[in-house]
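Enquirer: here is my input; please provide its structure:
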Amino acid sequence: MENEWQLRKDICEVSRRLYLAGFMAGSDGNVSTIVGDNEILITPSRLCKGFMEPEQMVKVDRQGKQISGTLPPTSETAMHLAAYEERPDICSVVHCHPPILVAFTVAGHNLPSSVLPEIEVVLGGSIPLVPYATPGGPAIANAMRPYIRDASNSVVLLDHHGIIGVGNDVYQASMKIEHAEAAARVIMYSRMLGGERPLPQDSMEKLKEVRKRIVEMESEVFSGYCHAPVCETKNSAVQPAVLPSGQTVTDQELENIVRKVIREIQKERT
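Expert: Residues are numbered from 1 along each chain as shown. Sure thing, here's the model as predicted:
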């Protein structure tokens, strides 16, 4: 099936990028995406994701039973299935171990809100932290459920373990994780330089408006391409995001909006 083969290639591409970024050391990390109503493609266990091939993907049903593939599925399968069960609006799940984000949880620190525009507009203002649970089984899957259930959370941190990102496709889910790690790096550097400063309070409403436009924009860019009924219904209902003028939002227009807000914030700081 052409669609399934493309999904397999996309999982390999995203996994390779995260491996090269240092988010999937050794055999760490796992990625999945919905391919049918009761079929989920997921990465195999104990295999380096940076060198994975499309034919090495494993297919499981929503109960975790292996449908196809010669390798065993990841030991974190239960966590992926829990995410799909709690969030019928998503098509893909990515789990990995970005080092700075993990270091924050090991040190007992949360990422602060109201500090970076990127956290506000891309990640909805905060990144929730799931209390520690033993990885690789139902414990961590169940611990994560109440946090991923909130549709405003596209990423959640796992205490002492890593991060999970969800989205309409594997690219959206993985990019959310990249944004989160980049934010953690900036905050870490700022603390080395004396500590972070909050964003001006009057800029927060502007950032909320930008956030709304980005969510609308992403519904077009990351359309979700599985064949599950919920995804087909969702995709058929998607309408292009529009500006107040009635024009369709383009990538460049959205980028200009974000840049304008950031410039205004910088002016207010000076």
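Enquirer: host element of the closest residue in space to Leu116 that isn't next to it in sequence?
Expert: What sits nearest to Leu116 in space, not counting adjacent residues and going by Cβ to Cβ, 6 or more residues apart in numbering, is Ala183, at 5.2 Å. (Each C-beta comes from the backbone N, C-alpha and C, glycine too.) If you go by DSSP states H and E, Ala183 is part of helix 170-192.
Enquirer: my read: the residue nearest to Leu116 touches Glu118, true?
Expert: Yes: using Cβ atoms under 8 Å, Ala183 is in contact with Glu118, at 5.7 Å.
Enquirer: who's more crowded, these two?
Expert: Neighbour tally, Ala183 and Glu118, criterion other Cβ atoms under 10 Å: the higher count belongs to Ala183, 22 against 16.
Enquirer: residue contacts, the more buried one?
Expert: 111, 116, 118-119, 123 (Cβ atoms under 8 Å, 6 or more residues apart in numbering).
Enquirer: likewise for Gln63?
Expert: Applying Cβ under 8 Å, 6+ apart, the residues contacting Gln63 are Leu81.
Enquirer: Three-state assignment for it, please.
Expert: coil (DSSP: H, G, I helix; E, B strand; the rest coil).
Enquirer: would you mind measuring from it to Ser92?
Expert: According to Cβ to Cβ, to the nearest Å, Gln63 and Ser92 sit 19 Å apart.
Enquirer: same deal with Glu120?
Expert: For Glu120 relative to Ser92 (Cβ to Cβ), the value is 24 Å.
Enquirer: which of those two has more neighbours?
Expert: Each of Glu120 and Ser92 has its neighbours counted (other Cβ under 10 Å); Ser92 has more, 31 against 22.
Enquirer: the more buried one and Met175 touch, don't they?
Expert: No: the pair Ser92 / Met175 is not scored as a contact, 11.1 Å apart, by Cβ under 8 Å.
Enquirer: give me the common contacts of those two.
Expert: Residues touching both Ser92 and Met175 (Cβ under 8 Å, 6+ apart): Gly167.
Enquirer: count of residues packed around Pro131?
Expert: Counted with other Cβ under 10 Å, Pro131 comes out at 11.
Enquirer: quick one: contacts for it?
Expert: Residues in contact with Pro131, defined by Cβ under 8 Å, 6+ apart, are 143, 159.
Enquirer: can you check Met52 too?
Expert: Applying Cβ under 8 Å, 6+ apart, we find Met52 in contact with 11-12, 15-16, 43-44.
Enquirer: make CSV out of those residues and add distance to Thr105.
Expert: Shown next, in CSV, are these (distance: Cβ to Cβ, whole Å):
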residue, distance to Thr105
Ile11, 26
Cys12, 28
Ser15, 22
Arg16, 25
Thr43, 23
Pro44, 26
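Enquirer: now for the residues you listed: which two are most distant?
Expert: Arg16 and Pro44 (14.9 Å; Cβ to Cβ).
Enquirer: so, low pLDDT: which residues of the stretch 1-150 of the chain?
Expert: Scanning the stretch 1-150 of the chain for pLDDT under 70 picks out the ranges 1-2.
Enquirer: what about the helices in it?
Expert: 2-20, 77-86, 99-106, 117-122, 138-148 (DSSP state H, counting those that start in this stretch).
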